[in-house]
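Asker: this one's structure only:
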């Protein structure tokens, strides 16, 4: 049975850093393009970053480019999101998501992904 568990969120001051982790069980992670999304209060879910099956392709939203880094460890079935220079507008629940094994490209549209975890809360405030 598939299980997705995101962790690593927390309360941090502006300018601070956090690293989110996503552990996926019940799937072979290397078969899937993976992504991180977030949903802020009162807003739609938005794409944050995506990574190809072997980790060579990455894609970032303009709002996080240069501050966030997505990576993956297929042997451990894990995906990471390293977040630096955090801003109050980064406050949201962050979700890990995967694309169907048939899909090979990283895309920024949330509709192209499946979600399974509860997310992890990131709050950036002074």
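Answerer: Looks like it came in fine. From a predicted model like this one, the values you see are computed outputs, not experimental measurements.
Asker: Please report the number of neighbouring residues for residue 6.
Answerer: Residues near residue 6, counting by other CB atoms under 10 Å, number 24. Heads up, the C-betas are built off the backbone N, CA and C, glycines and all.
Asker: looking at it, it is touching residue 120, isn't it?
Answerer: Yes - with contact defined as CB atoms under 8 Å, residue 6 reaches residue 120; the gap is 4.2 Å.
Asker: tell me, what's touching the two both at once?
Answerer: Residues touching both residue 6 and residue 120 by CB atoms under 8 Å, 6 or more residues apart in numbering: 20, 94.
Asker: Could I get the contacting residues of the spatially most central residue of the chain?
Answerer: Nearest residue to the geometric centre of the chain (CA atoms, centre = their mean): residue 36, 2.0 Å. By CB under 8 Å, 6+ apart, residue 36 lies in contact with 20, 22, 48, 49, 50, 70, 79, 81, 94, 95, 96, 97.
Asker: From those residues, which land in strands?
Answerer: 20, 22, 48, 49, 50, 70, 79, 81, 94, 95, 96, 97 (DSSP state E).
Asker: In contact with the last one, which residues?
Answerer: Contacts were defined as CB under 8 Å, 6+ apart; by that measure residue 97 touches 34, 35, 36, 37, 110, 113, 114, 115, 116.
Asker: Distance of the first one relative to residue 82?
Answerer: For residue 34, the distance to residue 82 equals 14 Å [CB to CB, to the nearest Å].
Asker: Look at those two and report which has more neighbours.
Answerer: Neighbour tally, residue 34 and residue 82, criterion other CB under 10 Å: the higher count belongs to residue 34, 27 against 15.
Asker: Pairing partners for the lowest-mean-pLDDT helix or strand in the chain, with directions?
Answerer: Sorted by mean pLDDT, DSSP states H and E, the helices and strands of the chain end with strand 114-115, the least confident at a mean of 90. Here strand 114-115 is paired, per DSSP bridges, with strand 92-98 (antiparallel).
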